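Q: take this sequence and fold it.
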Amino acid sequence: MKSPFIESIRTEMRLRGYSIRTEKTYLTWIKQFIDFVGKRHPEEVGAKEVKEFLSWLANERNVAINTQKVALNALVFLYQKILNRKLGDLGFTLAHRPRRLPDVLKPSEVQRILDQLEGRNKLAVQLMYGSGLRISECLRLRVQDIDLDHSSLTVREGKGKKDRKTLLSLRLKEPLLDAIQHAMHVQKLDNSQGIGFSLPYALGKKYPNAYRMPGWAFTFPSVGLCKHPVTGLQYRHHLHQSVIRKALGKAVSRTDIITKRVNCHIFRHSFATHMLSSGTDIRTVQELLGHNDVKTTQIYTHVLGQHYAGSQSPLDYLQ
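A: Numbering: from 1, shown residues only. Next comes the predicted model:
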């Protein structure tokens, strides 16, 4: 049985335009907090219990600092936006996380991994490395976000709900054309059944036929259909991240790379590092990655040990 209180929070988040992913994450932490306080209503508790909950996460659950931050954000939203109560100064210090330099692959290691991939999975990894994309940004790419004439990509609502432009490797033109043709074929078959790709927010209501427009097709369509969490209607979403992660894991296992933890995000780290090493200035890399503060981008200069200036996709340097 659904909780009316939890459902009211869900409704409020949707009215405010929060993503489905954020909605699920916040509701998960709010439910955990309610369980922690003995299933009492959040109105009955306050800052003291929130501080105890965050301390419990750090000391008993040993969660990462970013996990603590997300839990705190969820509870701040609960009290300030839903209950209209200020938590004030919690007098709480987040767990300290020493700065750790990211793992970065050598160009030869990137090539060895790509040699073990093919088709759709290879294209996804090439985009993450060649354009500095997060896995979520890569899989959310729609046909209209790809500009083959100007060799650029538009990332819609990246981290922090920001749009940005980034470069596109020239060698991906043909694979992307194939992917676009496949996506449009899938869209045509779906349209014949009166369904289509999922659309952002209330766009489907404002433009009822938008799901038939080629530009809204996901470049990496999911294999199956699912129900929209808001409307309940059947639709096709983009490929799930686990598909690429599993393919990458198998590819890495067939190489001799054993000293680095290779995941999807390492290709974004490698993009930034290789861009700097090829001569791209740090402000350009900051813009391509979508970092608010250049200090975030500077972590890659520590990997290299120096600053550089210039600009071109590192994917184009592979043999």
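Q: could you chop the chain up by domain?
A: The record's domain parsing of the chain by automatic domain parsing lists 4-82, 107-317.
Q: how distant is the longest one from the center of its chain?
A: To tie it back to what came earlier, the one meant is domain 107-317. Domain 107-317 sits 10 Å away from the centroid of its parent chain (Cα atoms, centre = their mean, to the nearest Å).
Q: state the mean pLDDT of that domain.
A: The average pLDDT within domain 107-317 is 89.
Q: cool, and stretch 16-33?
A: 90.
Q: buried set for stretch 50-63?
A: Buried residues in stretch 50-63, counted by 16 or more other Cβ atoms under 10 Å: 50, 53-54, 57-58, 63. In this view, the C-beta of every residue, glycine as well, is placed from N, C-alpha and C.
Q: how far does it sit from the chain's center?
A: With Cα atoms, centre = their mean, you get 26 Å for stretch 50-63.
Q: heads up, I number from 46, so please use that
A: Sure, I'll start numbering at 46, so the last one becomes stretch 95-108.
Q: just to revisit the earlier point, TSV please, covering the domains of the chain and showing distance to residue 145.
A: Conversion of the domains of the chain to TSV gives the following (distance: least, Cβ to Cβ, whole Å):
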stretch	distance to residue 145
domain 49-127	11
domain 152-362	9
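Q: any idea which of these is most buried?
A: domain 152-362 (a mean of 17; mean count of other Cβ atoms under 10 Å).
Q: what sits closest to residue 124 if chain neighbours are left out?
A: Using Cβ to Cβ, 6 or more residues apart in numbering and skipping the chain neighbours, the partner closest in space to residue 124 is residue 130 (4.7 Å).
Q: identify the residues contacting the residue nearest in space to the middle of the chain.
A: Nearest residue to the geometric centre of the chain (Cα atoms, centre = their mean): residue 181, 3.5 Å. By Cβ atoms under 8 Å, 6 or more residues apart in numbering, the contact list for residue 181 reads residue 286.
Q: follow-up on the earlier one: helix, strand or coil: sort out the residue nearest to residue 124 for me.
A: Recorded secondary structure, residue 130: coil (DSSP: H, G, I helix; E, B strand; the rest coil).
Q: count of neighbours near it?
A: 14 (other Cβ atoms under 10 Å).
Q: wait, it touches residue 91, no?
A: Yes: with contacts counted by Cβ atoms under 8 Å, residue 130 reaches residue 91, the gap being 7.1 Å.
Q: give the residues shared as contacts by the two.
A: In contact with both residue 130 and residue 91: residue 124, using Cβ under 8 Å, 6+ apart.
Q: quick one, helices of the stretch 146-295 of the chain?
A: Taking DSSP state H, counting those that start in this stretch as the criterion, the stretch 146-295 of the chain contains helices spanning 152-159, 164-176, 180-184, 218-236, 248-251, 286-298.
Q: same list, the ones you listed, but as a markdown table with distance to residue 325 please.
A: As requested, the helices of the stretch 146-295 of the chain are arranged in a markdown table below (distance: least, Cβ to Cβ, whole Å):
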| stretch | distance to residue 325 |
| --- | --- |
| helix 152-159 | 15 |
| helix 164-176 | 13 |
| helix 180-184 | 20 |
| helix 218-236 | 21 |
| helix 248-251 | 35 |
| helix 286-298 | 25 |
